[in-house]
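Novice: Take this sequence and fold it.
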Amino acid sequence: AASQALLAAVAASAAGSEAAGSSGADSAGISSAEVCRDALLLLSMMVRQGAAQAAFGTPHQEALAASIQYASTALELGGLSDGYSWYVLAMAQMASCFTPSQLPGKGSSRQRELAKVLASFAQAERGGCADLADLHWNRATLHTYLQQFGDALKDYTQAGQLDEGLPVATQVNSLITLLTQLDQLAGSNGGVKHKQWQHITALLSKDAQKGGELLVKMHYETLTLSELTKLSPGYNKGVALLCRPLVFIAPPLFASATATLYLVCAGGSGACFVLALVRVAHDAFDMNALLTVVHPELLPVDLTWKGKRFQFSLIKSDTVLVDGVPLQQDYDSLRPITSTSAV
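Specialist: Okay, the predicted model is just below:
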């Protein structure tokens, strides 16, 4: 209610300044609308910062909703070409995407929300914020979460060129180390030796035989078993992929880490791929378990950075079952995303 009252007062003030014409400006040529816009942007940032320190729940969600509303109203006052308002809106939208109410089971709908955040960042860049180091830094964090490694490396590099005080080298080196590990392990059957690999392929063969029976018991949706080679790039709704984990990699990212655990897994056809699990600890399940990846999102990775090529198949999913039981996720591990740069 307080947020609504404040927004109404700001709107009335801005409308009054427009009706007054030049009389709405002070001696420095700053209009009431500009003052209101700046105040709203500051409020949006302060409310978002407060939400980042609060426990997840209704007050947290309401604070983030207010942060978005303040930034949206500021954008209305500043106009669609107001790059900084777009940037503050993008930060509020990004924080809102990473709350428990938004995360589980959203699949393609959550991807659309995250795409809106990237679109707001792009509008900010076009609106005059291309030289804002924090824009590139925070967008790089989001690209990393989305497993868009090439875009993340470009944005981190740009942020470092604009602000030499940012720990860009640490982030870039961490990403390159991660990509190197994933590329090598996915291309070598997870480093599994021949005899152990024979055992794994035998398990996979048995998994495929009983997979149809397992799915009926494991999930309430109608799912179709598939293999890595039959997946389409992007979101594969209604599909389930059986796999066995071979090795896990915890990325050595710095303070803005995106809480992602990477597994190199073997699928039913024996093809290896990388499974990205967000908000999951490495000891959350037994590495001998059968994993069922529901609605897998296939993201083929193929990028070259400073002459070195990284190429492997990466899969994301909001729903992974361990021997038929949904894998539990830790929402507090998202704090690094929600508390990125205050500006």
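Novice: Can you tell me which helices and strands the strand or helix carrying residue 46 packs against?
Specialist: For residue 46, the host element (DSSP states H and E) is helix 32-53. When contacts are defined as 3 or more CB pairs under 8 Å, 6 or more residues apart in numbering; DSSP states H and E, helix 32-53 sits against helix 2-20, helix 58-78, helix 83-97, helix 335-338. The C-beta positions use only the backbone N, C-alpha and C, and glycine is treated the same way.
Novice: State the mean pLDDT of stretch 281-299.
Specialist: Per-residue pLDDT over stretch 281-299 has a mean of 86.
Novice: The nearest residue to residue 132 once chain neighbours are set aside: neighbour count?
Specialist: Among residues not flanking residue 132 along the chain, residue 87 sits closest, at 6.6 Å (CB to CB, 6 or more residues apart in numbering). For residue 87, the count of nearby residues is 26 (other CB atoms under 10 Å).
Novice: Equivalent analysis for residue 281, please.
Specialist: Neighbours of residue 281 using other CB under 10 Å come to 15.
Novice: so which strand or helix has it?
Specialist: Assigned by DSSP H and E, residue 281 belongs to no helix or strand.
Novice: where are the low-confidence patches of the stretch 1-150 of the chain?
Specialist: 1-31, 52-57, 100-108 (pLDDT under 70).
Novice: 80 instead?
Specialist: For the stretch 1-150 of the chain, the stretches with pLDDT under 80 are 1-33, 51-60, 98-111.
Novice: picking that back up, for the helix holding residue 46, buried residues please.
Specialist: Using 16 or more other CB atoms under 10 Å as the test for burial, helix 32-53 gives 32-41, 43-45, 47-49, 51-52.
Novice: same question, stretch 90-102
Specialist: Buried residues in stretch 90-102, counted by 16+ other CB under 10 Å: 90-99.
Novice: In the stretch 51-200 of the chain, what residue spans correspond to helices?
Specialist: 58-78, 83-97, 108-124, 133-145, 149-162, 168-186, 194-218 (DSSP state H, counting those that start in this stretch).
Novice: picking up where we left off before, how about a markdown table for the buried residues of stretch 90-102, with distance to residue 144 added?
Specialist: Output for the buried residues of stretch 90-102, formatted as a markdown table (distance: CB to CB, whole Å):
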| residue | distance to residue 144 |
| --- | --- |
| 90 | 16 |
| 91 | 16 |
| 92 | 20 |
| 93 | 17 |
| 94 | 12 |
| 95 | 16 |
| 96 | 19 |
| 97 | 14 |
| 98 | 13 |
| 99 | 19 |
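Novice: Between all of the residues you listed, which two are separated the most?
Specialist: Greatest spacing in those, by CB to CB: 90 and 99 (16.2 Å).
Novice: distance of the closest residue to residue 180 other than its chain neighbours from residue 247?
Specialist: Spatially, and ignoring its direct neighbours in sequence, residue 180 is nearest to residue 310 (7.3 Å; CB to CB, 6+ apart). Here residue 310 is placed at a distance of 17 Å from residue 247 (CB to CB, to the nearest Å).
Novice: Looking at those two, which is more packed in?
Specialist: Taking other CB under 10 Å, residue 310 and residue 247 do not tie; residue 310 has more neighbours (20 against 15).
Novice: for the more buried one, phi and psi?
Specialist: Dihedral pair for residue 310: phi -120, psi 130, per degrees, to the nearest 10.
Novice: Pretty sure it sits against residue 303.
Specialist: Yes: counting by CB atoms under 8 Å, residue 310 touches residue 303, with 5.6 Å between them.
Novice: The residue nearest to residue 132 and residue 122 touch, don't they?
Specialist: No: counting by CB under 8 Å, residue 87 stays clear of residue 122, with 10.5 Å between them.
Novice: tell me the contacts of residue 128?
Specialist: By CB atoms under 8 Å, 6 or more residues apart in numbering, the contact set of residue 128 is 81, 83-84.
Novice: buried subset of those residues?
Specialist: The neighbour-count criterion (16+ other CB under 10 Å) marks 83-84 among the contacts of residue 128 as buried.
Novice: With that, I have no additional questions.
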